[in-house]
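Participant: Mind looking at a prediction? Sequence and model below.
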Amino acid sequence: MAGDDDPEQGWKLHVSATVLEACSVFKSVAGFLSGANVQFKVPKSLKELELINTGLGFGYSQVGKFITIYPRTDSEAIEIAAAVHDLTIGFIPISVPFDRQFCPGSNVHLRYGAFEMLECETKAGKMVPAIRDPNGNLVPDDRFSVAPSWINDPFPAGETATSKSFENTPLGTRYRIFSAISQRGKAAFILRSMLSV
């Protein structure tokens, strides 16, 4: 449960794991996280993690998010990311879409976003997840980017997971792809309106 001094937004750390390694990953990092007195959450079951990792149950943007950690400050986020990275070396990392990998081959990924359930209304009248801008106004929490432009990024540059490219494949050279209807964690894409070039 969040305390009074816990922020409502900041750098979220996501620790990825396969269903086969999830229990071992949890055993490797849970004691450290509890000792650091930092808030974190995990799926309630391996079945739920399986749904997360396939992108079927919770959406493509949730793939790979086994443990979500909520550091209180930028410096704490860097320290925890480095420590959890060291504790999970040797486990199979899963790419977390739209997050940045802490360093190559790491199970730790990061993104700036809301820690609490904040919402704002778009111009179209739709309620969406939100964060506060520097003026304290609620603005949409863009879950397809690592951080908003006004945030100072304290982490070393890493790789951001992006959509799969078909540029040099028959799918990319013989068909024109207009958009993806949906994406899944198993790298299966359902494509809309493919026309032979």
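Facilitator: Done, it's in.

Participant: switch to C-alpha atoms for all contacts and neighbour counts from now on
Facilitator: Noted.

Participant: hey, which helix or strand in the protein has the poorest pLDDT?
Facilitator: Of the helices and strands making up the chain, the lowest-confidence element is strand 189-192, at a mean of 42, by mean pLDDT, DSSP states H and E.

Participant: I'd like to know how many residues surround residue 53.
Facilitator: Other residues near residue 53 number 29, with proximity taken as other C-alpha atoms under 10 Å.

Participant: Go ahead and confirm residue 155 touches residue 80.
Facilitator: No - with contact taken as C-alpha atoms under 8 Å, residue 155 and residue 80 are classed as non-touching, separated by 11.8 Å.

Participant: how far away is residue 11 from residue 73?
Facilitator: In this structure, residue 11 lies at 8 Å from residue 73, with C-alpha to C-alpha, to the nearest Å as the measure.

Participant: Which one's more surrounded, those two?
Facilitator: Set residue 11 next to residue 73 and count neighbours by other C-alpha under 10 Å: residue 11 wins out with 26 against 14.

Participant: quick one, what contacts the more buried one?
Facilitator: Contacts for residue 11 were tallied using C-alpha atoms under 8 Å, 6 or more residues apart in numbering; they are 70-71, 73-74, 77, 110-113.

Participant: Does it belong to a helix, a strand or coil?
Facilitator: In the three-state summary, residue 11 is assigned as strand, counting by DSSP: H, G, I helix; E, B strand; the rest coil.

Participant: bridging residues for it?
Facilitator: Beta-bridge pairing of residue 11, defined through DSSP bridges, involves residue 112.

Participant: Within the helices and strands, which one has residue 120?
Facilitator: Counting by DSSP states H and E, the element that carries residue 120 is strand 119-121.

Participant: Which positions within that strand qualify as buried?
Facilitator: Of the residues in strand 119-121, those buried under the neighbour-count criterion (16 or more other C-alpha atoms under 10 Å) are 119-120.

Participant: Likewise for stretch 57-69?
Facilitator: Counting neighbours by 16+ other C-alpha under 10 Å, stretch 57-69 gives 59-69 as buried.

Participant: which residues in the chain form strands?
Facilitator: Assigned strands in the chain, in chain order: 9-15, 39-41, 67-70, 100-101, 108-114, 119-121, 127-132, 138-140, 175-176, 179-183, 189-192, 195-196 (criterion: DSSP state E).

Participant: Now render those as TSV, adding distance to residue 31.
Facilitator: Listed next are the strands of the chain as TSV, based on distance: least, C-alpha to C-alpha, whole Å:
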stretch	distance to residue 31
strand 9-15	14
strand 39-41	12
strand 67-70	13
strand 100-101	23
strand 108-114	17
strand 119-121	33
strand 127-132	30
strand 138-140	34
strand 175-176	50
strand 179-183	34
strand 189-192	38
strand 195-196	53
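
Participant: And the helices in this protein, which stretches?
Facilitator: 22-35, 46-54, 74-87, 170-174 (DSSP state H).

Participant: What is the burial count for the residue nearest to residue 43 when sequence neighbours are not counted?
Facilitator: Take residue 43 and drop its neighbours on the chain: the residue closest to it by C-alpha to C-alpha, 6 or more residues apart in numbering is residue 49, 6.0 Å away. For residue 49, the neighbour count with other C-alpha under 10 Å is 26.
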